[in-house]
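Asks: okay, sequence plus prediction incoming.
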Amino acid sequence: REVTNPIHLTVDTAMTDQTVDVEAYVSTSLHIGDKPVATQFHQIQVDLRMMEADRVGYQLLKSTHTEALPTDLECLQGSVSRLLEMLGTALEYVEEVMQGKRPENKTLGRYLMDTLATVPRLTTENFSKLFNDSVQDVLLVMYLANLTRSQLVLAEKLNVGAAAAI
């Protein structure tokens with residue numbers, strides 16, 4: 001199918017310097033008179049952003065040797081440890097500003113305040129209850145999916161057996 005503004009995306013998956021090089025090009029039509037004769041691509045800047053799940057896969061691709069895919073718990077541990085590192089860096093910055101070792105940056109201070117304001121304040125008991133409820137919901141969905149799969153296999157076997165009897 002033909003599109004009016006094609007984009008050409010190149011991805012270098014060799015990871016020679018431990019990164020995936022991504023380049024993007026937008027098209028410009030070349031005309032002779034009123035008739036389009038060709039398309040020329042111009043490189044544009046690419047800003048690579050990832051969700052946390054994508055970041056886990058990206059980190060796995062960057063490693064040169066992998067025994068097995070990480071489990072959900074290992075991914076969660078990695079995410080939590082990265083979060084703790086970021087919180088430690090932010091805390092260190094705030095303490096240095098409070099002690100006068102570093103000049104204050106009002107924009108960064110407001111950004112930190114807005115970021116922390118979005119985090120819900122939960123007691124340990126409330127967090128445990130929410131987390132356990134979520135885990136129970138996931139387990140219930142997994143149970144229902146397995147039950148449905150079993151029902152489908154059983155129905156298929158009954159249909160095959162009934163068709164053979166006829």
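Replies: Received it, and whenever you're ready, just let me know what you need.

Asks: what about this protein, any weak spots by pLDDT?
Replies: Scanning the chain for pLDDT under 70 picks out the ranges 1, 64-66.

Asks: who's in contact with the host helix or strand of residue 42?
Replies: Assigned by DSSP states H and E, residue 42 belongs to strand 35-44. Taking CB atoms under 8 Å, 6 or more residues apart in numbering as the criterion, the residues outside strand 35-44 that touch it are 6, 8, 23, 24, 25, 26, 27, 28, 29, 30, 31. The way it works is simple: take the backbone N, C-alpha and C, and place the C-beta from them, glycine included.

Asks: what's near enough to touch the second one?
Replies: Under the criterion of CB under 8 Å, 6+ apart, the neighbours of residue 8 are 24, 25, 27, 41.

Asks: what about the first one, distance to residue 85?
Replies: Just to be clear, that refers to residue 24. Residue 24 sits 31 Å away from residue 85, going by CB to CB, to the nearest Å.

Asks: between the two, which has more neighbouring residues?
Replies: Shown here are residue 24 and residue 85; by other CB atoms under 10 Å, residue 24 has more neighbours (16 against 10).

Asks: now that one: which helix or strand?
Replies: strand 21-32.

Asks: residues contacting that strand, please?
Replies: So strand 21-32 is contacted by 5-12, 36-44, 46, 48 (CB under 8 Å, 6+ apart).

Asks: helix, strand, or coil at residue 70?
Replies: At residue 70 the chain is in coil, as set by DSSP: H, G, I helix; E, B strand; the rest coil.

Asks: give me the most central residue, this structure.
Replies: In the chain, the residue lying closest to the centroid (CA atoms, centre = their mean) is residue 51, at 2.4 Å.
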